[in-house]
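**Student:** Here is the input, now give the coordinates:
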Amino acid sequence: MSRFLDPPAAKPLLPQEKIDPVYKSMRFKVFLGSFLGYAGYYLVRKNLSLAAPDMIEGGVVDVVKVGTAMSAVSIAYAFSKFIMGTISDRSDARKFLVIGLILSALVMIGVGVFPYGANMAVNTAVIFGFMLVIGCLSGMGWPPCGRIMAHWFSQNERSFKMSLWNTSHTIGSGSLGLLAMWGVVVFGSMGIAQTWRANFIFPAIFAIIIAAVCWWALRDTPESCGLPSVADWRNDHSGVKSGGKVEEKLPFKTLLVDYVLKNKLLWVIAISNVLVYMVRYGIGDWSPTYLQQSGIMDKAECKVAFSIHNYIGAIGTIFMGWVSAKYFKGRCAPPNVICMVAVLIGTILYWQAPALATMMGISPKILVYIALIMIGFFIYGPVALIGVQALNTVPKNAAGTAAGFVGLFGYLLGDALLSKFFISKVQVGAGWDTANLMFVIASLVGIFLCALLWKSELKTN
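**Tutor:** Take a look at the predicted model:
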């Protein structure tokens, strides 16, 4: 298996007259493949968030048990993204991504077809187990994409290109909501009583189709296609760090100790990621349950709101990537701070929407839509640019490891611990009002953490 996953060796250079057209064609294909591939991973990750309200209503699980089960994805993904990052730096990105996506889809179908009983504890244990596997497999998505972007796009263009690419997960999450809603309708028309199962099965089928497209489009490195490095092709050697030949497998100790644990900037980036992820997933994953239980929206409206929140993130990600490249010379800290200030305003509106709607004499749905659009537009700027910051602090051969390290903090502490365990306990003990207040506080702290990197970026530019 190790040999099967080994990166392909460099090929002799193509004739000079073929390099430009082949490079341009291949860059489009690998970008498309990595974009669709990572979007596909989001069709088989957050399905439980959409199925949760109906599963709670049907007595399969309750709120705390849903929070526990959802945290399994985040816990496993946190470690998997880091571990898979070190493996992906030593593997063929094409094979790595496609294998993980197909396996994720098959496991998610298993979640949808499993015969759950009346015992909530048993149901929770089964779902938790499924989600652990999903989380482990999900870690095979980002690292190979980070490797591809690091090898095919140079640093001066990477902040904007990666911001474009990073819209893949918002497109994937948004499509998950619409595909789930479509699947529920289809299952209902077929007379299937537990239509919530469609939330798992329907999107997973589309993920398998996407995996086939990725196999056609992706290639590991330019050198493996008979092309020069992107730095040589673009004559753009800014920020290039020496880490050995691009196909060289760096020792695990070098990857982990020299380029990660001793990297002070990477530690700051990782910690700032914690608060960004708490708000990102806390609001995004709990919004269907909160809006339905609060009587603000019905089942279909919750899925539409979930999709809009994610789709608008794609626009925000592209815009903030453009802002970073155009006005800050690729620096990420300034746009991150701007985004988190806007997120703070959005979370306050989301929290106070029912009270403000009563004062204004309008439906709270209007204010919730505005808040989710605002949060979605701005939160994904830091999500994308923090990833760029991580890649910019290490050699290309350590890109997956750095991405995994930052992801470990975001998913384990920000997502699993804070947005899932902590928020579910707060909701049960004090209600949704207090839970939403926690997102406001997290946004405030997030502003401070993102601002810590402002001066360090000035010194490196």
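**Student:** Mind listing what's buried along the longest helix belonging to the chain?
**Tutor:** The residue-count maximum for a helix in the chain (DSSP state H) belongs to helix 155-189. The neighbour-count check on helix 155-189 (16 or more other Cβ atoms under 10 Å) flags 155-156, 158-181, 183-184, 187 as buried. Quick note: C-beta positions are derived from backbone N, CA and C, even for glycine.
**Student:** Same question for stretch 73-93.
**Tutor:** So stretch 73-93, judged by 16+ other Cβ under 10 Å, has buried residues 73-93.
**Student:** Mind checking which of those residues land in helices?
**Tutor:** 73-88, 93.
**Student:** so where's the stretch 51-200 of the chain shaky on pLDDT?
**Tutor:** Within the stretch 51-200 of the chain, the set of residues satisfying pLDDT under 70 comprises 159.
**Student:** from what I can see residue 45 touches residue 138, true?
**Tutor:** Yes. Counting by Cβ atoms under 8 Å, residue 138 is a contact partner of residue 45 at 5.5 Å.
**Student:** who touches both of these two?
**Tutor:** 73, 77, 104 (Cβ atoms under 8 Å, 6 or more residues apart in numbering).
**Student:** For residue 359, grab the count of nearby residues.
**Tutor:** Residues lying near residue 359 (other Cβ atoms under 10 Å) number 9.
**Student:** and if you look at residue 366?
**Tutor:** 13.
**Student:** So for it, what's the nearest residue that isn't a sequence neighbour?
**Tutor:** Excluding its sequence neighbours, the residue lying closest to residue 366 (Cβ to Cβ, 6 or more residues apart in numbering) is residue 357, at 7.1 Å.
**Student:** Does that neighbour lie in a helix or a strand, and which?
**Tutor:** Here residue 357, judged by DSSP states H and E, is contained in helix 333-360.
**Student:** ok, the residue positioned nearest the centre of the chain - contacts?
**Tutor:** What sits nearest the mean C-alpha location of the chain, by Cα atoms, centre = their mean, is residue 169, with 5.4 Å. Taking Cβ under 8 Å, 6+ apart, we find residue 169 in contact with 38-39, 41-42.
**Student:** Okay, it and residue 209: tell me how far apart.
**Tutor:** From residue 169 over to residue 209 the distance is 18 Å, taken as Cβ to Cβ, to the nearest Å.
**Student:** Stretch 342-356: which residues count as buried?
**Tutor:** Under 16+ other Cβ under 10 Å, the buried positions of stretch 342-356 are 342-344, 346-354, 356.
**Student:** Please apply the same query to stretch 426-444.
**Tutor:** When burial is assessed from 16+ other Cβ under 10 Å, stretch 426-444 yields the following buried residues: 426-427, 432, 435-440, 442-443.
**Student:** could the contacts of residue 169 be laid out in JSON lines, adding secondary structure?
**Tutor:** JSON lines is the format used below for the contacts of residue 169 (DSSP: H, G, I helix; E, B strand; the rest coil):
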{"residue": "38", "secondary structure": "helix"}
{"residue": "39", "secondary structure": "helix"}
{"residue": "41", "secondary structure": "helix"}
{"residue": "42", "secondary structure": "helix"}
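**Student:** and of these, the nearest to residue 263?
**Tutor:** residue 38 (24.6 Å; Cβ to Cβ).
**Student:** Identify the residue nearest the closest one in space, chain neighbours excluded?
**Tutor:** Nearest non-adjacent residue to residue 38 (Cβ to Cβ, 6+ apart): residue 168, at 4.2 Å.
**Student:** same thing with residue 73?
**Tutor:** residue 135 (4.2 Å).
**Student:** Output the contacting helices and strands for the helix or strand the one you found falls within.
**Tutor:** Per DSSP H and E: residue 135 is located in helix 120-138. Counting contacts by 3 or more Cβ pairs under 8 Å, 6 or more residues apart in numbering; DSSP states H and E, helix 120-138 is packed against helix 63-88, helix 93-113.
**Student:** So which elements touch the first one?
**Tutor:** Yep, that's helix 63-88 we're talking about. helix 47-57, helix 93-113, helix 120-138, helix 142-152, helix 264-293, helix 399-408, helix 423-430.
**Student:** Just want the angle from the fifth one to helix 423-430.
**Tutor:** Yep, that's helix 264-293 we're talking about. 50 degrees (axes from the mean of the first three to the mean of the last three Cα atoms, to 10 degrees).
**Student:** Run the angle between helix 264-293 and helix 63-88 for me.
**Tutor:** Using the same axes, to 10 degrees: helix 264-293 against helix 63-88 is 150 degrees.
**Student:** Quick one: list the elements packing against helix 264-293.
**Tutor:** With contacts taken as 3+ Cβ pairs under 8 Å, 6+ apart, helix 264-293 sits against helix 47-57, helix 63-88, helix 299-327, helix 333-360, helix 364-392, helix 399-408, helix 423-430, helix 432-451.
**Student:** how far out from the middle of the chain is the shortest one?
**Tutor:** Spelled out, it's helix 423-430. When C-alpha coordinates are averaged (Cα atoms, centre = their mean, to the nearest Å), helix 423-430 and its chain have centres 25 Å apart.
**Student:** just checking, what packs against it?
**Tutor:** helix 63-88, helix 264-293, helix 432-451.
**Student:** got a list of what the residue nearest to residue 366 touches?
**Tutor:** By Cβ under 8 Å, 6+ apart, the neighbours of residue 357 are 363-364, 366-367.
**Student:** I'd like to know which of the helices and strands packed on helix 423-430 lies nearest to residue 31.
**Tutor:** helix 63-88 (17.6 Å).
**Student:** That closest one versus helix 399-408: what angle between them?
**Tutor:** Using the same axes, to 10 degrees, one finds that helix 63-88 and helix 399-408 are set 160 degrees apart in direction.
**Student:** Just want the angle from helix 63-88 to helix 142-152.
**Tutor:** Going by the same axes, to 10 degrees, helix 63-88 makes 40 degrees with helix 142-152.
**Student:** ok, residue 355 to residue 158 distance?
**Tutor:** 43 Å.
**Student:** ok, back up a step: quick one: distance of the helix holding residue 135 to the chain centre.
**Tutor:** With Cα atoms, centre = their mean, you get 19 Å for helix 120-138.
**Student:** ok, residue 141 touching residue 35?
**Tutor:** No. Residue 141 is beyond contact range of residue 35, at 11.7 Å (criterion: Cβ under 8 Å).
**Student:** higher neighbour count, the two?
**Tutor:** Counted by other Cβ under 10 Å, residue 141 and residue 35 do not tie: residue 141 has more neighbours, with 31 against 21.
**Student:** Show the contacting residues for the residue nearest to the more buried one when sequence neighbours are not counted.
**Tutor:** Spatial nearest neighbour of residue 141, excluding adjacent residues (Cβ to Cβ, 6+ apart): residue 41 at 3.9 Å. Residue 41 makes contact with 100-101, 104, 138, 141, 169, 172, 207, according to Cβ under 8 Å, 6+ apart.
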